[in-house]
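Structure, please.
(chains A, B and C)
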Amino acid sequence: MKLNFIPIDYSYFDFEGRNYAKIIGRDENGKRVCIIDSCPVYLWAVLKDELSRSKINSLIKEIEKISLDTKGRKTEVEKVELREKNFLGKKVKALKVFATNYKDLHDIADKLGMPEIEKRRGYDLGFITHYIIEKKLKPLSWYEIDGELLNNSQEFGGMDSVLEVDFCVKVEKIRETETKKFKPKVLAYDIETDAFKIGEGEILMISLVSDNFKKVLTYKSPKEIETDLEYVEYVKDEAELLEKFVEYVKKISPDFLVGYFSDGFDLPYLKARAEKFNVKLSLGLDGSQPKFSNGLNIIAKINGIVHIDILKFIRSVYSQYMQSETLSLNEVAKEFLGDSKKEFKHKHSSKIAQDEWEKYYEYNLHDSILTYGLFEKFWPDLSEFTKIIQEPIFNVSRNGMSANVEDYIIHHLEKFNEIPEKRPMYNEISERKSREKYEGAFVFQPTPGLYENLAIFDFTSMHASIIVNYNLSKSTLLEKNEKNCYESPELELNGKKTKFYFSKKSGFFPELLKEIVELRKKYKRELKANEQKTGNFLTNLTGNQIKELKTDAVNPILNKGEQKTGNFLTNLAGNQIKARSNAFKLLANAYYGYLGFFGARYYCVEAAASTLAFVRKYNKETIENVAKEGCKVIFGDTDSVGFLLNKKSKEETLKFLKKLNEKLPGIMELELEDFYKRGIWVSKRTGEAGAKKKYALIDEQGRLKIRGFETVRRDWCALARELQNNIIKQILKDGNEKKALESLKEIIKKLKQREINIDKLIIRTQLKKPISEYKNISPHVIAAKKMMEQEIPISQGNLVEYYIAETKDKKKLVRDKVKLPNEKGEYNMEYYLAHQILPAVENIFQVFNVNIKEIVDGKKQMTLGEF
DNA sequence: GGAGGTGACGTACC
DNA sequence: ACCGGTACGTCACCTCC
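Model (predicted):
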């Protein structure tokens, strides 16, 4: 039979000693299809130079005799072929050694210790990776499949009759075909429990949300009177709840089962409770139960249905570009959907009042609605990433950016005829980790002050363009200076001043990055054209988002609020181009990190250190050039320079930018970040010097850009943050400190009259490790201990909230005054004044030679006098 | 038993 | 174990007198 097919979930199985890929997807009618296919598995034996043909022939004969009988399985070398390949850019002769079962490639590699063999490679790729490379059946692309329909066939042990799919096909031929419409079936879920520790409390209810489907399953009902909420369905008890959950998943039969933190919570919890009640959680299309990886970072897999923990994708790909201070569902939903969790105060089910249960159902349902919304929102990004990386979406959605970069490289080696490098061994990793650090980027020393009329230039994808431009990588690194090669600036590595040299002959690693950068440019152009055509893009943005657009047209944050405007569905093509452009950009930006990542196959400190040496050189040179032009430099960090216009008009400044660009090599490019009306830089708390990485700017439209200040630090209380923000805003608007001073006085007065709400005084700090591992017992550790005592769930990675209270006895340490938000007490006025308010604003007023301490002390005396 | 230096810790910038 | 160097700032801890 023939069918059109889009692959979604990949797994493999062994049958009669061989590996088969079992791929679940859909046909163009939305029917669920399983295809089964095999592919040859092999590893590479790279030969030493200058081996004679006869020597190679006898080696091949020797290798062909290898067979293994371990792990209850017979594997043999089935075939050996001699090939001309490249390894790390070098031409090599290599033997392609085919084996029966991919799981034995490692053991076969161990048997290839012959002196003629230089290296063994390619035995550490997963079978699915191997399969996708061999058969070019890339996830989420469309294919025309020729194959044999399996209908209660005995082939593969009668597998097709067990699988809950519409067709099961044994593949004969695969041909790529044009893209067709694909709207995935998505089911979001969320559970509510009586305890946070996995399996330790009852599961009270489970919500399910899909297209035109809402459900809350529960056996907890108020006063045995059933609710009016039409989406609530009652079951007998917890065991039936679990059974019903499985039943609904099977009935809806989604491509994606989506949760938020569901790898670490919902699915493990369901499993634990199912075990307790002896319920089979047979969610898999083959009837299997979810499988969990062990370790700190749990991964939960369901056969045939892609389980997505959308938190993981958001965290690894987008968190650095987000403004949310935590990755809680509430904050993330607010940022991307403009919606938040329903109010509900958690308590043990035995303490929930009769009339509170309906609120609890709504709360539970809404979490699934938000999760569903986030999946919808990130679907273009998720699917574009998957298509680009070419690994299954299950992996791409969980991988860190380094792993995604590596997978991209692995899937694109073929056109360079490259043999893949191996993963580093444990000892290599520790060696890499323990090596001395190399020098990072350059940060300009600012002078405190208020400045007017500034411009900021920055380099676009600076690290990437340097890697491309100077051909930096493991395979292009030369052992010594050669004629006509790239030479890094002088740098220090392992305490030695040195330089590194890189070949001018293009290497596959920088070449791939060059392609990524070019594709990113291409799709960015398409995106712009599409926006102009549809014209409905800018209208949906807030002022701040338009501003972001100016600096970076595909910042993912731009996608905020689209759900509300209905843009998501009507402008799907535009969203896809945006997501694609964005994915290439993120990939390009992660490339440098990959070079210096200890777990990378293509790790290369020399290249990473050289990249940074070039980064420093270009930044410093740009700063010098700006100064030479007569513009006073105010700021500079890594890839940017900020300066005073010095009577230059904007046009002249842009002309100057053009001049600077003409001198830059290759794809390196300096661009205008923006013009600013005013900017403020303050001194450090200790000493006179200007603080680096701390500044605030205002543009002509009155929009603020604040970096590094307490305003943007989550471990300061809201009162200090909001006050500082207001003061910065007023100063930058007015150009003087007069009004700002008044708002400060007002806040101090309120603080002293105890009019400040405790909410504004809560300090939030993350518990970064288990309580017992802290050497210094700081306030947040005390707060965490108090939470433990009160049995409030708290563990590594959680935010701890507390405030500093007045104490009866004069205690010296801050930690002795810590109280949890639920503890009664009065806020410690002295503390908030001296340790939150003043430090946040002191240096700002210092710029105007206003000494806040004197004013505050004066006030204090005055208030004391009043009493 | 207070001053002052240092280290641990958390967070931000790019 | 899943990017890492530069930088700021707080608080506890330690040493010194």
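
Single out the residue in the stretch 101-250 of chain A that lies closest to DNA strand B.
Taking CB to the nearest atom of the strand as the measure, the stretch 101-250 of chain A has residue A:196 as its residue closest to DNA strand B, at 20.0 Å. All C-beta atoms are positioned from the backbone trio N, CA, C, and that covers glycine.

and that residue, what is it in contact with?
For residue A:196, the contacting residues are residue A:793, by CB atoms under 8 Å, 6 or more residues apart in numbering.

Could you tell me whether residue A:257 really is in a helix?
No: the assignment for residue A:257, made by DSSP: H, G, I helix; E, B strand; the rest coil, is strand rather than a helix.

and residue A:436, how many residues sit next to it?
By other CB atoms under 10 Å, 10 other residues sit near residue A:436.

Of all residues in chain A, which one is closest to DNA strand C?
Using CB to the nearest atom of the strand, the single residue of chain A nearest to DNA strand C is residue A:440, 2.4 Å away.

For that residue, give me its contacts.
Contacts of residue A:440 were listed using CB under 8 Å, 6+ apart, and they are residue A:612.

cool, residue A:259 as well?
Taking CB under 8 Å, 6+ apart as the criterion, residue A:259 is in contact with A:188, A:189, A:190, A:265, A:266, A:267, A:307, A:308, A:309, A:310, A:371.

what's the distance between the residue of the stretch 101-250 of chain A closest to DNA strand B and residue A:361?
For residue A:196, the distance to residue A:361 equals 20 Å [CB to CB, to the nearest Å].

same deal with residue A:595?
Note on residue A:595: its distance to residue A:361, by CB to CB, is 51 Å.

Skipping its backbone neighbours, what lies nearest the residue minimising distance to the centre of chain A in space?
Centrality entry for chain A: nearest residue to the mean C-alpha point is residue A:316, 1.5 Å, by CA atoms, centre = their mean. Nearest residue to residue A:316 in three dimensions, chain neighbours excluded: residue A:400, at 5.0 Å (CB to CB, 6 or more residues apart in numbering).

Please apply the same query to residue A:101.
Leaving aside its sequence neighbours, residue A:101 is closest to residue A:75 (4.8 Å, by CB to CB, 6+ apart).

Help me confirm that the one you found comes into contact with residue A:108.
Yes: shown here, residue A:75 and residue A:108 form a contact pair, counting by CB atoms under 8 Å, at 7.2 Å.

and for these two, which residues touch both?
Overlap between the neighbourhoods of residue A:75 and residue A:108 consists of A:68, A:99, taking contacts as CB under 8 Å, 6+ apart.

what's the neighbour count on residue A:484?
Counted by other CB under 10 Å, the residues lying close to residue A:484 total 7.

If you could redo that for residue A:234, that was the one I meant.
By other CB under 10 Å, the residues close to residue A:234 number 16.

now do residue A:45
The number of residues near residue A:45, taken as other CB under 10 Å, comes to 28.

what sits against it?
Applying CB under 8 Å, 6+ apart, one finds that residue A:45 lies in contact with A:63, A:94, A:95, A:97, A:112, A:117, A:119, A:120.

any idea which helix or strand carries the fourth one?
What it means is residue A:97. In the assignment (DSSP states H and E), residue A:97 maps to strand A:90-99.

What residues sit buried inside the helix or strand just after that strand?
Beyond strand A:90-99 in the direction of the C-terminus, DSSP H and E gives the next helix or strand as helix A:105-111. Residues of helix A:105-111 classed as buried under the neighbour-count rule (16 or more other CB atoms under 10 Å) are A:105, A:107, A:108, A:109.

and if you look at stretch A:201-212?
Going by 16+ other CB under 10 Å, stretch A:201-212 has these buried residues: A:201, A:202, A:203, A:204, A:205, A:206, A:207, A:208, A:209, A:210.

How confident was the prediction at residue A:862?
Looking at residue A:862, its pLDDT reads 45.

quick revisit: I'd like the contacts of residue A:45 laid out as a markdown table, including distance to residue A:271 and pLDDT.
Shown next, in a markdown table, are the contacts of residue A:45 (distance: CB to CB, whole Å; pLDDT from 0 to 100):
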| residue | distance to residue A:271 | pLDDT |
| --- | --- | --- |
| A:63 | 45 | 96 |
| A:94 | 45 | 97 |
| A:95 | 45 | 97 |
| A:97 | 40 | 97 |
| A:112 | 41 | 95 |
| A:117 | 45 | 96 |
| A:119 | 42 | 95 |
| A:120 | 39 | 96 |
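
Show me which pair in those residues is furthest apart.
A:63 and A:119 (14.6 Å; CB to CB).

Which helix or strand contains residue A:522?
Here residue A:522 is covered by helix A:508-534, with elements defined by DSSP H and E.

swap in residue A:746?
With DSSP H and E as the criterion, residue A:746 is inside helix A:738-752.

Just list the residues touching the nearest residue in space to residue A:73 that is not next to it in sequence, thanks.
Counting by CB to CB, 6+ apart, the nearest residue to residue A:73 once its immediate chain neighbours are dropped is residue A:17, at 5.7 Å. Contacts were defined as CB under 8 Å, 6+ apart; by that measure residue A:17 touches A:73, A:74, A:75, A:100, A:101.

Residue A:51 too?
The contact partners of residue A:51, taken as CB under 8 Å, 6+ apart, are A:59, A:93, A:116.

Repeat the analysis, applying 7 Å as the threshold.
The contact partners of residue A:51, taken as CB atoms under 7 Å, 6 or more residues apart in numbering, are residue A:116.

Kindly report the same for residue A:593.
If a contact means CB under 7 Å, 6+ apart, then residue A:593 has A:401, A:402 as its contacts.

Tell me the secondary structure at it.
Three-state assignment for residue A:593 (three-state DSSP): helix.

State the distance from it to DNA strand B.
Using CB to the nearest atom of the strand, to the nearest Å, residue A:593 is found at 10 Å from DNA strand B.

sorry, back to before: so what's the residue count around the residue nearest to residue A:316?
Around residue A:400 sit 17 other residues, with neighbours defined as other CB under 10 Å.

Check the gap between it and residue A:817 for me.
Going from residue A:400 to residue A:817 by CB to CB gives 40 Å.

what about residue A:850, how many neighbours?
When counting by other CB under 10 Å, one arrives at 17 neighbours for residue A:850.

which non-adjacent residue is nearest it?
If you skip the residues right next to it in sequence, residue A:850 has residue A:737 as its closest partner in space, 5.9 Å away by CB to CB, 6+ apart.

can I assume residue A:20 sits in a helix?
No: assigned with three-state DSSP, residue A:20 falls outside any helix and is strand.
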